[in-house]
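Asker: I'd like to go over a predicted model; first the sequence, then the structure.
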Amino acid sequence: MLNSDVIVVGGGIVGCSAAMFLADAGMDVNLLDRGEISGEASGLNAGSIGGYGWGRSPGLQEHLTMGSLDIFKSLQIEKGYDIEFRQSGSLVAIQSLNQYEYAQERVSYLKSEGMQVEILSPSEAKSYEPNLNGDLNGYMYSSYRGQADPIKSTRAFSEVAKNNGAIITASAPVTSLEQAGQGWIVRSHNRVFNCQALLIATGAWTSEIGNMIGLNIPIQPVRGQMWATDSIPPRIFHTISSMESSEYWHKNPIVNEDSPPELTHNGDSRVTRHLYGRQRANGEVIFGGDRELLGFRDDVSFTGIEVNKTHAGEILPFLDQLSVKRTWSGIMPFSPDGLPLIGRIEQYENLFLATGLGSSGFGRGPGSGMLVADLIVRGEGHPALQESIPTRLIEEIRR
């Protein structure tokens, strides 16, 4: 039996960053993953990170977005890992008058909170990003958004954790959990691990882990999908997205009473388009967007890819001349109220949770790992975690 202070279940960006901070604090850490590090959503996303600034009164969102941005910076600049990080800034296309009115309201509110964001005219935006469509209504710009390679970043966090003394155990699916006194026994087939504190950071697969200990942790798996072109010379310099979905979700946050917020589909019917993308360091242009409640289906809808590529071409017309060379999908963890679940699970001793980051798990994952690690180490959480208390949604399963 392998003993440790903390077992982290989940080798995505949340689990790996938490392991890094826990090990850095001097704790004996063992991270278990059912497959390989960054094998699921943490390695399959667009690599967008950052927020709109810290503002005057930073809450959970700022600690997750801007906190993560600072951690990514440190990982590359101070620790020397090439994760292809750039604080590139972002441009959000405004394609209709309704979107423009919403963008004005959004920017006015954010500025009143001390955030760094503005609306640019098409000509101003083209001075930042020359290949943009100059015939749109405008673009929302933020200098604090960034980008990095998802696989390189997640694996770099695991490497720092290992260098700090953590043990990383891949191909170790959890088959049972058992409380032992104030600690935990974790089994993975014929292997047995013992720990004082247990952190569940299993993304969309969290409900399955919760069921092992009689808890309903209502995380729903949502499929997202992406596409990429061949490598081309540099033509996109910011992260790019559209205001269309944000404006729609502002008025219609849920598609039905059983769905989490901010989906693109109600069953088989599309309710809005959603778009985000960038150009990678290797020259590939990558975009994605759909959010569908399909269980753990990880196939690709080519109709959805076509809709997304058309949308991207409306903002960057040169993309119409490029072909899709590869496609993929990933499964994202959505909570019923759209907010993360980060903190202590009160039904058991020394049980912690970090999940429910929705479609922005990569960009908010390091901040999540840092906050939950701090809670485990000190026994007292940052005040921002009051917004993400897991027990607001978790129920015991009646046997």
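Answerer: Cool, got the structure.

Asker: mind listing the helices in the chain by residue range?
Answerer: Per DSSP state H, the chain carries helices over the ranges 13-24, 60-73, 97-112, 122-128, 150-163, 206-212, 244-251, 302-315, 361-378.

Asker: Burial-wise, tell me which of those comes out on top.
Answerer: helix 13-24 (a mean of 30; mean count of other Cβ atoms under 10 Å). For the C-beta atoms, the positions are set from N, CA and C on the backbone; glycine is no exception.

Asker: now that helix against helix 361-378, angle please.
Answerer: 30 degrees (axes from the mean of the first three to the mean of the last three Cα atoms, to 10 degrees).

Asker: So which elements touch helix 13-24?
Answerer: Applying 3 or more Cβ pairs under 8 Å, 6 or more residues apart in numbering; DSSP states H and E, one finds that helix 13-24 contacts strand 2-9, strand 29-32, helix 150-163, strand 351-355, helix 361-378.

Asker: just the CA coordinates of the first one, formatted as CSV?
Answerer: In other words, strand 2-9. Extracted C-alpha coordinates of strand 2-9, given in CSV (Å, rounded to 0.1, in the frame of the first residue of the first chain):
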residue,chain,number,x,y,z
LEU,A,2,1.4,3.4,-1.0
ASN,A,3,0.8,6.1,1.6
SER,A,4,0.7,9.8,0.9
ASP,A,5,-0.7,13.0,2.4
VAL,A,6,-2.9,13.7,-0.6
ILE,A,7,-4.2,11.7,-3.5
VAL,A,8,-5.3,13.7,-6.5
VAL,A,9,-7.7,11.8,-8.8
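
Asker: now what about it, what contacts it?
Answerer: With contacts defined as Cβ atoms under 8 Å, 6 or more residues apart in numbering, strand 2-9 is touched by 15, 18-19, 22, 27-33, 167, 174, 184, 186, 191-202, 209, 376.

Asker: show me the contacts for residue 121.
Answerer: By Cβ under 8 Å, 6+ apart, the residues touching residue 121 are residue 138.

Asker: now swap in residue 377 and tell me
Answerer: By Cβ under 8 Å, 6+ apart, residue 377 lies in contact with 21, 22, 25, 27.

Asker: And it, how far from residue 61?
Answerer: Using Cβ to Cβ, to the nearest Å, we find residue 377 at a distance of 23 Å from residue 61.

Asker: Could you do residue 374 as well?
Answerer: In this view, residue 374 and residue 61 are 17 Å apart by Cβ to Cβ.

Asker: on that earlier part again, ChimeraX command to pick out the buried ones of the contacts of strand 2-9?
Answerer: If you want just the buried ones from the contacts of strand 2-9 in ChimeraX, going by 16 or more other Cβ atoms under 10 Å, the selection is:
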select :15,18,19,22,27,28,29,30,31,32,33,167,174,184,186,193,195,196,197,198,199,200,201,202,209,376
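
Asker: Assess the claim that residue 57 and residue 115 are in contact.
Answerer: No: contact criterion Cβ atoms under 8 Å: residue 57 and residue 115 do not qualify, at 11.1 Å.

Asker: Please say which of the two ends up with more neighbours.
Answerer: residue 115 (20 against 8; other Cβ atoms under 10 Å).

Asker: Enumerate every residue touching the more buried one.
Answerer: Residue 115 neighbours (Cβ under 8 Å, 6+ apart): 51, 52, 53, 55, 142.

Asker: Now tabulate these in JSON lines and tack on pLDDT and distance to residue 77.
Answerer: JSON lines is the format used below for these (pLDDT from 0 to 100; distance: Cβ to Cβ, whole Å):
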{"residue": "51", "pLDDT": "92", "distance to residue 77": "19"}
{"residue": "52", "pLDDT": "97", "distance to residue 77": "22"}
{"residue": "53", "pLDDT": "97", "distance to residue 77": "19"}
{"residue": "55", "pLDDT": "97", "distance to residue 77": "24"}
{"residue": "142", "pLDDT": "97", "distance to residue 77": "20"}
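
Asker: Who wins on neighbours among those?
Answerer: residue 51 (29 neighbours).

Asker: How about it: what's its closest non-neighbour residue?
Answerer: residue 65 (3.0 Å; Cβ to Cβ, 6 or more residues apart in numbering).

Asker: of all the contacts of residue 377, which comes closest to residue 388?
Answerer: Nearest to residue 388, judged by Cβ to Cβ, of the contacts of residue 377 is residue 21 at 16.8 Å.

Asker: OK, contacts around that closest one?
Answerer: Applying Cβ under 8 Å, 6+ apart, we find residue 21 in contact with 369, 370, 373, 374, 377.

Asker: Under the pLDDT cut-off, which ranges of the chain? List them.
Answerer: For the chain, the stretches with pLDDT under 70 are 1, 399.

Asker: and if we set it to 90?
Answerer: Applying pLDDT under 90 to the chain picks out residues 1-3, 39-43, 50, 190, 398-399.

Asker: wait, residue 10 sits on residue 37?
Answerer: No: Residue 10 is beyond contact range of residue 37, at 10.0 Å (criterion: Cβ under 8 Å).

Asker: okay, the two: which has more neighbours?
Answerer: residue 10 (27 against 21).

Asker: and the gap between the more buried one and residue 368?
Answerer: 11 Å.

Asker: What distance do you get for residue 165 to residue 28?
Answerer: Distance, residue 165 to residue 28, by Cβ to Cβ: 7 Å.

Asker: I meant to write residue 315 there.
Answerer: 49 Å.

Asker: go on, residue 298?
Answerer: On the measure of Cβ to Cβ, residue 298 and residue 28 end up 35 Å apart.

Asker: again with residue 18
Answerer: Note on residue 18: its distance to residue 28, by Cβ to Cβ, is 14 Å.

Asker: Reformat the helices and strands packed on helix 13-24 as a markdown table; add distance to residue 104.
Answerer: As requested, the helices and strands packed on helix 13-24 are arranged in a markdown table below (distance: least, Cβ to Cβ, whole Å):
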| stretch | distance to residue 104 |
| --- | --- |
| strand 2-9 | 43 |
| strand 29-32 | 45 |
| helix 150-163 | 33 |
| strand 351-355 | 34 |
| helix 361-378 | 25 |
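
Asker: Good, wrapping up.
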